[in-house]
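Coordinates for the following, if possible.
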Amino acid sequence: MSQHTILTADRPTGKLHIGHYIGSLKNRVKLQNTGDYRTFIMIADMQALTDNARNPEKIRRSLTEVALDYLAVGIDPHKSTIFVQSQIPALNELTMYYLDLVTLARLKRNPTVKTEIKQKNFGESVPAGFLAYPVSQTADITAFKADTVPVGDDQEPMLEQAREIVRSFNSIYQRDVLVEPEGIFPPQGQGRLPGLDGNAKMSKSLDNAIYLSDSAEIVHQKVMKMYTDPNHIHVEDPGQIAGNIVFEYLDVFGTDKEYIKQLKAQYQAGGLGDVKVKRYLEEVLNAVLDPIRQRRQMYEQDLGEVYRILKQGSQAANEVAEQTLQEVRAAIGVNYFE
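Reported below is the predicted structural model:
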């Protein structure tokens, strides 16, 4: 295969934040621009409904926000196919076929699913669609024969489950119809950006995130509330770098590494206040976000064009997925009347 195929996706449950940007969006833009990949980018609205079925308006509203964020960070609809999951009927049928190839016990053992069920406090009331969403993800990936899937480190168990289903299908039906996906993971230290409050992960649900669309004023307010060293009370007090979220963000987003090194040394020795460091981080973040905000505002003024991009991308994606579905149906032998 001379050109690799990429599939990436986000659940539309709100605007995307800078953790998404550094963890995956920035990399997607880089990959699409190499010309070495055929790139499909999916807004996973059906996946989002697995735990938001009683609030579909949230998903409809968020779908637009995610599309705007995609375009704002530089995802180019001429280079990447941006589409909406629910607009691809083949994905549902593929999911049904794959469900027969995986056991309930295997789904329950998936570490990513187990963690998310615990985080959402489902208990025994976990929706069946949520428990089975690794199978739906497999349908998403294999429909486009994606051999490359950029994901966070926590998604490796999902990819392994997809590979298991691919192997089972190809073995049972004696045809190499489906392609095993491999992951592309963020650079070391950039896979999981901590939340503003010091929590292990920046998250929409925990309200501890800076969003790509946040204004400079909102960024200022959020940065000033960021978790630092609770024992660094006075400017002259020596401060801790480890666990200090402000310095963790500077390590990720700052480009002047020598200046950041100097700030760390001064902070640890004493004589550098949190406010000064936060103001520098604010400058660094706004330098990243300003061009994103400008592009987002431009697209917000013509939502009709945004919806046209999604419709056109969904039509193109549907043709590819339908071709794979016909190959799957032929392998199983359910194309009875052809």
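
moving C-terminal of the helix or strand of the chain with the lowest mean pLDDT, what's the next helix or strand?
Considering only helices and strands, the least confidently modelled element of the chain by mean pLDDT, DSSP states H and E is helix 111-119, at a mean of 86. Following the chain from helix 111-119 toward its C-terminal end, the next helix or strand by DSSP states H and E is helix 128-131.

List the contacts of that following helix.
Contact partners of helix 128-131, identified using Cβ atoms under 8 Å, 6 or more residues apart in numbering, comprise 49-51, 53, 104, 107-108, 113, 116-117, 122, 136. Placement of C-beta: from N, CA and C, glycine included.

Among those, find me the one that's closest to A162.
Using Cβ to Cβ, S136 comes nearest to A162 of the contacts of helix 128-131, at 10.4 Å.

for the host helix or strand of that closest one, what is the average pLDDT?
In this structure, S136 is located in helix 133-143 according to DSSP H and E. Helix 133-143 shows a mean pLDDT of 96 in the predicted model.

just stretch 217-236 next, same as before
Rounded mean pLDDT across stretch 217-236 is 93.

do the same with stretch 68-83
The predicted model assigns stretch 68-83 a mean pLDDT of 97.

counting contacts, what elements does the helix or strand K108 falls within pack onto?
According to DSSP H and E, K108 maps onto helix 104-109. Taking 3 or more Cβ pairs under 8 Å, 6 or more residues apart in numbering; DSSP states H and E as the contact definition, the neighbouring helices and strands of helix 104-109 are helix 128-131.

Now the helix it packs on: buried residues?
Buried residues in helix 128-131, counted by 16 or more other Cβ atoms under 10 Å: 129-131.

For stretch 212-232, measure first residue to last.
Start and end residues of stretch 212-232 are separated by 30 Å (Cα to Cα, to the nearest Å).

Quick check on K276: phi, psi?
For K276, the backbone dihedrals (degrees, to the nearest 10) come out as phi -60, psi -40.

My reading is that M42 lies in a strand. Confirm?
Yes: with DSSP: H, G, I helix; E, B strand; the rest coil as the criterion, M42 is assigned to a strand.

and the residue lying closest to it once chain neighbours are set aside, what element?
When the adjacent residues along the chain are set aside, M42 lies closest to A9, with 4.1 Å between them (Cβ to Cβ, 6 or more residues apart in numbering). Element membership of A9 [criterion: DSSP H and E] is strand 4-10.

all strands for the stretch 101-250 of the chain, in order.
148-150, 182-184 (DSSP state E, counting those that start in this stretch).

Can you say which of the ones you listed is packed in most?
strand 148-150 (a mean of 21; mean count of other Cβ atoms under 10 Å).

Which helix in this protein has the most residues?
The residue-count maximum for a helix in the chain (DSSP state H) belongs to helix 303-332.

Who are the packing partners of it?
strand 37-43, helix 56-73, strand 80-84, helix 90-99, helix 133-143.

Could you check how many residues crowd around T95?
The local packing count at T95 equals 20, with neighbours defined by other Cβ atoms under 10 Å.

My read is that P77 contacts S314, right?
No: with the criterion set as Cβ atoms under 8 Å, P77 and S314 do not qualify as a contacting pair; they are 11.5 Å apart.

In contact with G35, which residues?
Here G35 is in contact with no residues (criterion: Cβ under 8 Å, 6+ apart).

Confirm it sits in a strand?
No: secondary structure of G35 (three-state DSSP): coil, not part of a strand.

count of neighbours near L99?
Using other Cβ under 10 Å as the criterion, L99 is surrounded by 16 other residues.
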